Each structure stands twice: as structure tokens, then as C-alpha cells.
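Chemist: Task: produce atomic coordinates for the following.
(chains A and B)
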Protein chains: 2
Amino acid sequence: MGDIEKIRDVARKVIDTHKQGNRMVVVISAMAGQTDGLITLANEMVDDPDPRELDVLVSTGEQVSVSLLAMAIKAMGYDACSLLGFQVGILTDEFYGKARIHEIKTRRIFEELEKGRIVTVAGFQGMDDKDNITTLGRGGSDTTAVALAAALNADVCEIYTDVDGIYTTDPRVCPGARKMDNISYEEMLEMASLGTKVLEIRSVEFAKKFKVPLHVRSTFTNERGTMVIAESKDMEKVLVSGVAFNKNEARITVSKVPDRPGIASLIFRPLVDAGIVVDMIVQNTSEEGITDLTFTVTKPDFYEAMKLLSEVAEDIGAQKVLGDENIAKVSIVGVGMRTHAGVAQKMFETLANESINIMMISTSEIKVSCVIEEKYTELAVRVLHEAFGLEKEKDSQ
Amino acid sequence: MGDIEKIRDVARKVIDTHKQGNRMVVVISAMAGQTDGLITLANEMVDDPDPRELDVLVSTGEQVSVSLLAMAIKAMGYDACSLLGFQVGILTDEFYGKARIHEIKTRRIFEELEKGRIVTVAGFQGMDDKDNITTLGRGGSDTTAVALAAALNADVCEIYTDVDGIYTTDPRVCPGARKMDNISYEEMLEMASLGTKVLEIRSVEFAKKFKVPLHVRSTFTNERGTMVIAESKDMEKVLVSGVAFNKNEARITVSKVPDRPGIASLIFRPLVDAGIVVDMIVQNTSEEGITDLTFTVTKPDFYEAMKLLSEVAEDIGAQKVLGDENIAKVSIVGVGMRTHAGVAQKMFETLANESINIMMISTSEIKVSCVIEEKYTELAVRVLHEAFGLEKEKDSQ
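Modeler: Sure, this is the predicted structure:
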């Protein structure tokens, strides 16, 4: 099995670091495909699995890998001990499937470390105050690692992934993409939420909050990856650190809505109730008391959102609801743009030079996002990457 | 998946009983093949898996099935809640893989029952006093069920199996085998330890100790099965309740051993150290200070036992060590034989009539066991079954 060999690799890596005199706590996620397999099993059993029981079920994925890792380490001659969420004391709220960590007990982990053991901890899982098993949602193992690093006051939290660091943009789209040595928490948050899938956004928020330095690096090499750290003066010298894109959104326009107080809340209420997250929202200036409201939702939520909005459109006196799935969001991110004017303007010009039409614009202190036609995504990423000087080597341009 | 359908069946059965006004705690074992699959995974990882980590790993089998069962019950419109060993508070000693239950907390279970919920409990698993996960060994789910029934003061512990009750002997060997309505704990213990694999021996010991009535019945029908209960006067009227057999033993003879004090302990010490369990032991009367010691071990232990004994044979001055794998143990069991003479004699005669040679004999208050050549097993079982009047209908003889 490939999974077995992967866990052995992790064990060797862990032992190498242990031999350098480091006390180590290793968080591991489920083996590839396990979590999805367990969810499939639940869906074969019932249409809509009970959330509490689903957490009991899917948390076995990490339970399997964490015990196998401890076995592998022990078989290589080093002492190890696996701990599950309830054994560590990873205390969460009671929101099954997306629980948030309240507190992490450290007594048991320190006890095991004192015995010279390597502690392997099951990621993704915790326990509420009634001893029920909870899970932290997708990417939860990263969150477990960062939260543990904060609780244990660790020097660094190393995140091993299948890529060797954070890139200025997706190298599959832009061959000139460059691995960054450092990136600030804020930039990483924007990159993560904008579609760069290396790190889960919650784990970065946690790291930022508790000032845990993250080292994002490859499972397959020993090379330095990218450090995600607090912002430094140096970082501001760079206007734009990276280009992110997201093809998983769709655009919805509620057109010709009477512009009166509370109208936006009437439109978004049914979406909120259905658990649909709205991303970019743009409202045009009202003309003669009539306005258009445009926003994006994720593609999987698109059809339900359209259905719900068609139902409310009449009630609020909107003319119609328009949808467009063929869009993408392209963003430039950088803490440097806070102190420099003209960055957004340069982005618009760069896209205009390629005759790429901008449908929506949204900005924050450290990012500018544009919604464009989906088919221009790769082109837009490449020209922006070049325009902001992010290429690997200058002479390759 | 067949397993999914099986769990749905269990859910329906549980709901039927619940609707009759019963408060129910349901213990479930892993789905077919799961435990073996997990053990295989561990053996692929390392040659000799760490026992603590192996328990963390294999306990996921029950965690999967217990959550699926609770999901199924909830989806059918009844409230349910799964509990793992640590959540119930099934406290055990720290002997991984074969832990014994010390104590069962009942607070959480009663809380859930008070809410009108059906409680599903993961079998086979517990927790030691340091929060480590332990497992109870093979058949541990039966033990969990009986121990819970005792702790909760349940009216009855129903054991659902793939057979519809306890038979006078194996129906595959003897077509005239009859399902028993009742059997005493003592008889069941003898039947279980003698190779009838319906109930694990430890669960019967537990039931006997805490006077928990067991109802062994089929998962596939609603018919009454066999009650395993305390001995009653009626039971003594029957001389022999059943015929058991076991082909999984091998015979070893250490021949011409100087008969001096402590010799048996010298012979058995290396076996005990290697964890090899010795079953029947027969020592012939000493002639001129020389004796033969014959005993049986399970077939999987046979070669190791022979090797260990060859090593000590010289030290203790034995002439040689003889082994025979082609044996079987056939036993008659019944509380009635306590008060009746001649039962053993009738067994010997019945076997002699078929020219079946008896190699070893061992008796207890309620059973007589004979070791014979393996090839005569089925014949011996059939003639004994008939000789002691255990046939289904008298006129079928």
C-alpha cells in the first residue's frame, strides 16, 4: 500500500528531527481518501447522516493513521505514543463537523514528552464539554497542529504538504511562479481565502492570533519551504506578493430592486438561513430609487441560491434574477500596497491591455479582486504575475 | 454493501423492541472482516505492532459500526446516541488486546435513556485508568454486552448471532441436532470452551458471576432462541445436554521422564513463558520412577511447543517428545451427570462399539472429554448424540 510507505516516510522524518534534540508533537491527518470513504459509507447508510454520529465515524480516519504512525516510530526503535482528541483534551464547542477549539490541555502531552516519547496526535478531532467527539471541518488537521503549537508554546509549527511551499501563484497556470521564502499571516489569509489551497484559512487565523510561525514545506524533500510569519518592514517593499484565483464562484445579480432600507437584508436572509455563504457584494449607485445588487456564491450553492432568490424576487419587487456560472475571481495580494497608490489601477490596465472585461471589483487594504470571464483566468493570472514582477528570473521574461 | 443492509436490519429490530416499551442499550461489534482488516494493516506497517497502538487501531472497527447504527436508527425516526468505551466509562485494566473490565459507569447511559434515546455502545473496547484505549480480546463485544447488562441491572441480555440458538451439537455434523430451550451457565461454559463457538467463554463467565440471563438468538428471525440461565432442578433430569468437539488441538507426549518433584513445572515453564496454553494434561502412573506426560495444545501453537520441549527434553532426562496433530477432543456435557453414575462408562462403551480408540480422558463434574483420532470426530459425535437421546424427534432414529 502506498499509504503505508507514506506513513513510514513521515516516521523517518520525525525521527530525524527528534535526533537533532527536538521534543516533537506530530499531528497527522487521515490517509488519502479515507475521510471521503467514510462519508460515502454514511451516505450509503442514510440520506442525511446525523452530524454527531458522522463525527464519530469520520474521526476514525485519523485514529487509524495516528496509531499506525506511532507503531512505525516504535518499530524503528524510538518511543512514541498516539493521542486522540479526547486523550489530549482538545476541547471544542458542540458544532459537529465544524467545531472550534476552545482550549487545549497540555498535561498529558508534556507527561509523554518528559518520558522521551514522540507524541503523535490525531488531527481534525476534539471533544465537547459532554465528552462527545467533534471534528473541526476540512483542513482541520492543520488547525489542530497550529492550535497545539500555540498551546505548547512551540518554536515552530511545520506543515508538511505535497507542495514545497507557497508560490506567487499556481505554477501549473504560470510556469514563472516563484516559491516565496516568507509571507505574512495577512497575505497568507488573503491567498488562502482566494483559492490557494495549501493551507486552510482557519489554521492561518489561529497562527496569526497566537503568533505561531508556520513552516510550509514538502513531505518529499528536506528543503526549506515558506515561512508564514508576522509582517516585517522588509515585506512592505514588495507591492504585490502573489496572484490568486478562484474558479469556484458564480455570480448572481438581482436587478432593478427598489432601493429602500433593509432591502439587502431581505435578499440575503433566505441565503443565510440555507447556510449559503455570499462572497463579493457590489451594489451600484441607485438611479431613481432602483438599484442592482450583484454578489458571488460558490458554484455548488449556485442553483439553490437562484431558486431561493427567484422566490423572494417578487416579494421585494425586483425585476429579475440573473445568474452567471462562467466567471472567475482573480486577485493580487500584498501588504506593500497599503502604502502605495496605483496598484489597483495597474491591475485594471493590465487586464484592459488584454481586452479582459472586469465585471466586479472588490478591494481590501492588502488585496484587489476582479471578477472576469472564466475563460480568461489563466491569461489574467499570467499577465498580472508578470506585470507585478513576480517572475522567477528577470531574464526569463 | 451487505454490511449496510445488516446494520439497517439491526436498527429495525432494535426499534421494534423499543416500541414495545423497552429501554434499550445495544452493543455492536465491528462489521464482518473489519477487525481482521485492521490487524492486517498493522502487520503491513510493522512486524510486531505495539499492543497499545494496535488497540487504538482495531477499536475503530466498532467505532464505525456503532455510529452507523445510531445514524440508521435516527434516520428511521427514533432518537439514538452512540457511545464509545471511553464515553460510557468502561474501565479496564491496562492489558492491551485482552483487557478485563473493572468497572462500568452508568451515569451517561442513564442520562441518554432518560431522554428517550436508544443507546448504541461500541463493543470490545474500554479505557484504562490513564485514558488509554484498551480492547477486550476476541468476542469482546459479547463481554461488553453482558457486563453492561450486569451494570445496568438489565432484565435480559440478548445476544444476536448468525445461528438461532445453542444446539445439542453442531447441526452440520449431526443432522439430528436439536436447539435447546435452556442451558445452564456451567454447561454453556463447558460447551463454549470445548469448541462451540456461539458465545465467547468470558461473556458466559461474566453472565454467571452477575446472574445475567442471556438470550442467544438469531439476527434473521424473531423466534425465541436459547436461554442461558442459572441451573434449575429440571435441568438435572437430563444426563447429557450436549456433545461438543474440538479439532483445533494437538497432542504432545514427553515420554520416559524421571518422575521427581517439580518435573511437570520444568516441562511446562517454557510453554507458559511463550504464552502457550496447555489444555488436557494426563500423567500416567509412574513405573520404576519413569513416567509419560501427555497434554494438548492448540494446533497453531503445536510446532513452537514441540521445538521448546525438544530443547528441555535433554535437560530433564526425558527419552523423547512425541507429537500428534491428527487428534480431536469429543466431550459430553450435562449438569445431570453430577448426580448419576455410569455416564462416562456409557460414553466409553459407545465409542468402543464403533472401534474408536480413546487416547486421553479428562473429566469434570459436568463433562467427560475423550481425545480420539481426528478422522473419527463426526462419527463419534453422531453416535454419542444418539446414545444420550439428544435427537430432535425420537421417531427419527
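
Chemist: Any regions of chain A where pLDDT drops low?
Modeler: For chain A, applying pLDDT under 70 flags the ranges A:1-2, A:193-196, A:286, A:393-397.

Chemist: Quick check: residues of it near chain B?
Modeler: Contact residues, chain A versus chain B (Cβ under 8 Å from any Cβ of the partner chain): A:1, A:4, A:7-8, A:38, A:41-42, A:44-50, A:52-54, A:56-57, A:59-60, A:63-64, A:66-68, A:70-72, A:74-75, A:81-82, A:84, A:86-87, A:108, A:131-133. The C-beta positions use only the backbone N, C-alpha and C, and glycine is treated the same way.

Chemist: what's near enough to touch A:Phe220?
Modeler: Residues in contact with A:Phe220 (Cβ atoms under 8 Å, 6 or more residues apart in numbering or on different chains) are A:Asp162, A:Asp164.

Chemist: check which helix or strand covers the closest residue to A:Gln319 other than its chain neighbours.
Modeler: Excluding the flanking residues, the one nearest A:Gln319 by Cβ to Cβ, 6 or more residues apart in numbering or on different chains is A:Lys256, at 3.5 Å. Using DSSP states H and E, A:Lys256 falls within strand A:249-258.

Chemist: Adjacent strands (with direction) for that strand?
Modeler: Under the criterion DSSP bridges, strand A:249-258 sits next to strand A:290-298 (antiparallel), strand A:320-324 (antiparallel) in its sheet.

Chemist: Tell me how far whatever helix or strand comes next after it lies from the chain's centre.
Modeler: Downstream of strand A:249-258, the first helix or strand assigned by DSSP H and E is helix A:263-273. In this view, helix A:263-273 has its centroid 26 Å away from the chain centroid, taken as Cα atoms, centre = their mean, to the nearest Å.

Chemist: neighbouring contacts of helix A:263-273?
Modeler: Contacts of helix A:263-273 with the rest of the structure, by Cβ under 8 Å, 6+ apart, involve A:254, A:257, A:278, A:281, A:283, A:293, A:297, A:305, A:308-309, A:311-312, A:315-316.

Chemist: tell me the phi and psi of the residue of chain A most remote from its centre?
Modeler: The C-alpha centroid of chain A is most remote from A:Glu288, which lies 41.6 Å away (Cα atoms, centre = their mean). Dihedral pair for A:Glu288: phi 50, psi 40, per degrees, to the nearest 10.

Chemist: returning to what we had before: of all pairs in the contacts of helix A:263-273, which one is the farthest apart?
Modeler: Farthest pair in these (Cβ to Cβ) is A:Gln283 and A:Glu311. Separation: 20.9 Å.

Chemist: what about the two, which has more around it?
Modeler: Shown here are A:Gln283 and A:Glu311; by other Cβ atoms under 10 Å in any protein chain shown, A:Gln283 has more neighbours (15 against 11).

Chemist: what separates that one from chain B, distance-wise?
Modeler: As judged by Cβ to the nearest Cβ, to the nearest Å, A:Gln283 and chain B stand 43 Å apart.

Chemist: cool, and A:Ile183?
Modeler: Taking Cβ to the nearest Cβ, one finds A:Ile183 at 36 Å from chain B.

Chemist: Tell me how far the residue farthest from the centre of chain A lies from A:Glu373.
Modeler: Plainly put, A:Glu288 is 30 Å away from A:Glu373 if you go by Cβ to Cβ, to the nearest Å.

Chemist: How about A:Asp131?
Modeler: For A:Asp131, the distance to A:Glu373 equals 52 Å [Cβ to Cβ].

Chemist: Over to A:Asp279?
Modeler: Distance, A:Asp279 to A:Glu373, by Cβ to Cβ: 17 Å.

Chemist: do the same with A:Val228
Modeler: Shown here: A:Val228 relative to A:Glu373, a distance of 32 Å by Cβ to Cβ.

Chemist: quick one: which of the two has more around it?
Modeler: Neighbours around A:Val228 and A:Glu373, counted as other Cβ under 10 Å, are more numerous at A:Val228. The numbers are 31 against 15.

Chemist: Now do the same for the more buried one: helix, strand or coil?
Modeler: The three-state assignment at A:Val228 reads strand, by DSSP: H, G, I helix; E, B strand; the rest coil.

Chemist: My guess is it contacts A:Val212. True?
Modeler: No - using Cβ atoms under 8 Å, A:Val228 is not in contact with A:Val212, being 9.0 Å away.

Chemist: so is A:Ser141 in a helix, a strand, or just coil?
Modeler: Taking three-state DSSP as the rule, one finds A:Ser141 in the helix state.

Chemist: Distance check, it against A:Tyr160.
Modeler: Relative to A:Tyr160, and taking Cβ to Cβ, A:Ser141 is found at 11 Å.

Chemist: Could you check which of these two is surrounded by more residues?
Modeler: When A:Ser141 and A:Tyr160 are compared for neighbours, A:Ser141 comes out ahead with 24 against 19, by other Cβ under 10 Å.

Chemist: Can you tell me the closest non-neighbouring residue to that one?
Modeler: Spatial nearest neighbour of A:Ser141, excluding adjacent residues (Cβ to Cβ, 6+ apart): A:Gly123 at 2.7 Å.

Chemist: now swap in A:Cys157 and tell me
Modeler: Nearest one to A:Cys157, counting by Cβ to Cβ, 6+ apart, is A:Ala149 at 3.7 Å.

Chemist: Could I get the CA-only coordinates of the host helix or strand of A:Ala42 as PDB?
Modeler: Per DSSP H and E: A:Ala42 is located in helix A:34-45. Only the C-alpha atoms of helix A:34-45 are listed here, as PDB (Å, rounded to 0.1, in the frame of the first residue of the first chain):
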ATOM      1  CA  GLN A  34     -10.200   7.800   4.000                       C
ATOM      2  CA  THR A  35     -12.400  10.700   5.100                       C
ATOM      3  CA  ASP A  36     -14.200  10.700   1.800                       C
ATOM      4  CA  GLY A  37     -14.700   7.000   2.000                       C
ATOM      5  CA  LEU A  38     -16.200   7.200   5.500                       C
ATOM      6  CA  ILE A  39     -18.500  10.000   4.400                       C
ATOM      7  CA  THR A  40     -19.600   7.800   1.400                       C
ATOM      8  CA  LEU A  41     -20.300   5.000   3.800                       C
ATOM      9  CA  ALA A  42     -22.500   7.200   5.900                       C
ATOM     10  CA  ASN A  43     -24.400   8.400   2.800                       C
ATOM     11  CA  GLU A  44     -24.900   4.800   1.800                       C
ATOM     12  CA  MET A  45     -26.500   4.200   5.100                       C
END
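
Chemist: The stretch 51-200 of chain A: helices as residue ranges?
Modeler: Per DSSP state H, counting those that start in this stretch, the stretch 51-200 of chain A carries helices over the ranges A:51-58, A:60-75, A:85-88, A:107-114, A:140-152, A:185-193.
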